[in-house]
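Engineer: The following block contains a protein sequence and its predicted model.
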There are 2 protein chains.
Amino acid sequence: MGLESYFDNFARRDWQETDPDGTVRMAIVGIGGFSRNRALPAIDTADYCETSVLVTGSPDSSAEIADEFDVDTLLSYEEFLDGRATDAYDAVYIATPNATHGQYATAAAEFGKHVICEKPLETTVQDAREVIDACEDAGVTLMTAYRLQFEPSIRRTRELITDGVIGDVVQIHAGFSNPLLEHAGADTWRLDPDLAGGGVLVDLGVYPLNTIRFLLDCDPTVVTACTYSVDEAFADVDEHVAFQLEFPGAVTASCTASYNAHAASGLRAVGTDGMVSVSSPFGGVVPHDIYVECGDVGMEYRGAPSDEVIEEFDYFGYCVLTGTDPEPDGVDSLRDIVTVDSTYEAAESGVSVEIPYIR
Amino acid sequence: MGLESYFDNFARRDWQETDPDGTVRMAIVGIGGFSRNRALPAIDTADYCETSVLVTGSPDSSAEIADEFDVDTLLSYEEFLDGRATDAYDAVYIATPNATHGQYATAAAEFGKHVICEKPLETTVQDAREVIDACEDAGVTLMTAYRLQFEPSIRRTRELITDGVIGDVVQIHAGFSNPLLEHAGADTWRLDPDLAGGGVLVDLGVYPLNTIRFLLDCDPTVVTACTYSVDEAFADVDEHVAFQLEFPGAVTASCTASYNAHAASGLRAVGTDGMVSVSSPFGGVVPHDIYVECGDVGMEYRGAPSDEVIEEFDYFGYCVLTGTDPEPDGVDSLRDIVTVDSTYEAAESGVSVEIPYIR
C-alpha cells in the first residue's frame, strides 16, 4: 500500500465498527481548566456522550458553567460520594487532583457507573489497583483518559510503524515542555507531591511514555533517568526530567519533560528502513503534520487539525454503548505508574532500574 | 536584533577577520572514501589550501586520483614516516583508521608540519595527549576535523543560543544514524575495535556529542548510557547507542546513534524562552533548514546548502596562515574521548558516571 494511503481520510475512526444508538450521560467530576476548556466543549460536540451532571467543590460558582453547557444537576463532592442523583448519569469523567481519583472512581463503580479517569489512575500502584478491581467487580467500563491514543496523528503513526513502513524501530526521541507557572499559577495542586504523585514526570513525562508504549505496543524493561528542581517554586516536585527507556529488541526511547521551559513537543522514530516525525504531538491542539521517510522517499502530510478530546470521549461512549473493552484501560495506566516509580528510583540512585512487568 | 538577522548571509565566515595571502600545501594521509569524495574536492575549491601530496597504502592505484586533482607527489605511509618530500607540503590532513592517527600526526609535527586530524585524535586519552604534546613542542597548529563546527546551520544555531534567543537551554535531543554496512561494507576498519577505538559511539555518536558541546560552549559532567549489538556483523563493536548527558546548570542532552538504521539525523534544543530545531545536521550534506521559536513567534530558514568541508579546510588554512589557534583543537577531541570512555563505562555498569574534566 502506498505511503499516501496512510494519510487518506486522516481523522478516520479506525476503532469504530458500528454506529450505536443513544448517548452516555456523563457526570463531570472536577471542573478545572481542562474540564471547562476542553472536556465540556468536546462532550457537547461528541456523538456518544452528553454532560448531565457537574460535580464540583463550589457548586455556586459553577452555576454559570452549568448554564453554558445546559447541565441541570450540580453536586458537591460530598453529595456525589453520598450517591445523590445517581439516576442522572451513566458514567463519570474524573478530572480532580491525581491522589483523589481513586475515591471518586471507586464510588462511581459502586453506583454501577462507568468510569473515564484522567491519567494517572491514581498516585500509587496499590491505589490504582483498587480502582481497577472496583470497576471489574462492578462490571463497569474503566478507561484511562489518554487523549493522545485518539489523536489521529498518533494513530496514523502507529499504523505506519505496525505495518513496518519504517522497518523495525531502533531509536525514538520524544519531549514535552509546558511552563506550569504561566498556565496554572503557583497555587496549583500539581506542585503538591502528595496530591500529584510527583512532578513533571507524572504530569507531562507520561505523554511521551504512554504514547511510545502505544506506538510500539509493548512495555519498557529498563530505565535510567535524572530529574532537576532549580526554581524554588519546584522545591517539592521535579521541574525537569530526562529519562531513557529500553524496550525489548534493542529499542530505546530518549524522553524529556519540563515544567519550566518554552511550550514545545516533538516525537521522532527511526527504524531500519525509514523514519517518522510528528510535529508538536503533545500540546493538546496537534497540527496534523507528519513527515515519513521510507528508503529514498520522503512524504509530508499537513492537514487541518481535529479535536482529539472529542475523539477520546466518543471512543469512551462507543465502548460503553457497545460493551467494547477500551484499549487504554486501567492496567495501561498502572504500567505507566510502575514505570514512573522506576524512573524516580533511577533518578535518585543514578543506577539503571529494571521495570517490573505488571498485568 | 530581529530573528531574521541571524539568517542574513547565512554562510558568512564569522571567523574570518583578514584575507591572508598564500595557500597551505597539504599532504593528504589516507585516501579513503571521505578523502576522495569530500576532502580532495573541498581542498580543490578552498581559498587557503591546496593538495600537493597524497600518502596512501597503494601509491600505484592512487595514481588516477593524483591525476584528477593534479597532485605530483605520491608517498607510501613508510615514505611519509621516513620524512620523504617534506619540502612538498606545509601541513597534513590525517584520515587513516583512528588508532593510526597518532603516529602520522606525531611524525608530521616532528617535521614541523601543521596538522588537521580526523576525529577522534586518537583512540585513548594517552595517545591523544601525545599528539597534542608533540604539536605543542613543535610549535605547529593542531586542529581536529570537526566539520560540524563549520557548518553554517550549526554556527547560526550557536549564535542564536549564545545570544539568549531561546533563553537558557533546558533540554536537547540529537540523533544520528547511518547504515555502515551499506556504505562501507563488512570489511571496514570501523568494525575493528582496536583500530576504531569503539563502535558507533566513537564514529557517529561523537557528532551529537561534539556539536552539543560546541553549541553550549561547555562540557558534560555526568553520563548514563546503553549500547546494543544485535546483528552479528557488530559482534565486536556497539551497533546502537543511547546516552544521556548532564551539563552544568540542569541542562540535559538526550543523544542516540546507530550503525544499523535508516540514515537520519536531527537536533532540537528547548530553552526557557524558545526552541531551535536543525534538520538533518549530521549527514554531511546539510540542508540549511532551521526552525526557531521565540515566545509566540516562529521562523523557518530554508536556504541553499553549502559545503561544510570547504569551510573546514579554509578555516584550517586561515588559522595556519594567520597564526590563529583553531577552536576545535586537540583538547576538544581529548574531551570527547574522555566522554566516550565514561559513556562506555556507564553502558557497561548501568550506573551514571561522572566525566573527568581534562584540560
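Structural biologist: Great, that's in hand.
Engineer: Could you tell me how far residue A:253 is located from residue A:284?
Structural biologist: From residue A:253 over to residue A:284 the distance is 21 Å, taken as Cβ to Cβ, to the nearest Å. (Each C-beta comes from the backbone N, C-alpha and C, glycine too.)
Engineer: Which residue of those two possesses the greater neighbour count?
Structural biologist: Shown here are residue A:253 and residue A:284; by other Cβ atoms under 10 Å in any protein chain shown, residue A:253 has more neighbours (28 against 18).
Engineer: now for the helix or strand harbouring the more buried one, which elements pack on it?
Structural biologist: Here residue A:253, judged by DSSP states H and E, is contained in strand A:251-258. Applying 3 or more Cβ pairs under 8 Å, 6 or more residues apart in numbering or on different chains; DSSP states H and E, we find strand A:251-258 packed against strand A:169-177, helix A:206-216, strand A:240-247, strand B:169-177, strand B:240-247, strand B:251-258.
Engineer: Point to the residue nearest the middle of chain A.
Structural biologist: residue A:146 (2.4 Å; Cα atoms, centre = their mean).
Engineer: Not counting residues beside it along the chain, what's closest to that residue?
Structural biologist: The shortest distance from residue A:146 to any non-neighbouring residue, by Cβ to Cβ, 6 or more residues apart in numbering or on different chains, is to residue A:328 (4.3 Å).
Engineer: sec struct for that neighbour, please.
Structural biologist: With DSSP: H, G, I helix; E, B strand; the rest coil as the basis, residue A:328 sits in coil.
Engineer: distance of it from residue A:349?
Structural biologist: From residue A:328 over to residue A:349 (counting by Cβ to Cβ), the distance is 30 Å.
Engineer: Pick out whichever of those two has more residues nearby.
Structural biologist: Between residue A:328 and residue A:349, counting by other Cβ under 10 Å, residue A:328 is the more crowded of the two (24 against 13).
Engineer: Just list the residues touching that one, thanks.
Structural biologist: Residue A:328 makes contact with A:143-146, A:149, A:210, A:214 under the criterion Cβ atoms under 8 Å, 6 or more residues apart in numbering or on different chains.
Engineer: State the distance from it to residue A:103.
Structural biologist: 21 Å.
Engineer: what does residue A:57 give?
Structural biologist: 14 Å.
Engineer: who has more neighbours, these two?
Structural biologist: For residue A:57 and residue A:103, the more surrounded residue by other Cβ under 10 Å is residue A:103, and the numbers stand at 18 against 13.
Engineer: check contacts around that one.
Structural biologist: residue A:81.
Engineer: and the helix or strand where it lies, how far out from the chain's middle?
Structural biologist: Assessed by DSSP H and E, residue A:103 sits inside helix A:101-110. Distance of helix A:101-110 from the chain centroid (Cα atoms, centre = their mean, to the nearest Å) equals 19 Å.
Engineer: Direction included, what does the helix or strand just after that helix pair up with?
Structural biologist: Counting by DSSP H and E, the element after helix A:101-110 in chain order, helix or strand, is strand A:114-117. Neighbouring strands of strand A:114-117 in its sheet, by DSSP bridges, are strand A:91-94 (parallel), strand A:142-144 (parallel).
Engineer: Reformat these as a markdown table; add distance to residue A:156 and mean pLDDT.
Structural biologist: Shown next, in a markdown table, are the strands paired with strand A:114-117 (distance: least, Cβ to Cβ, whole Å; pLDDT from 0 to 100):
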| stretch | distance to residue A:156 | mean pLDDT |
| --- | --- | --- |
| strand A:91-94 | 26 | 98 |
| strand A:142-144 | 21 | 98 |
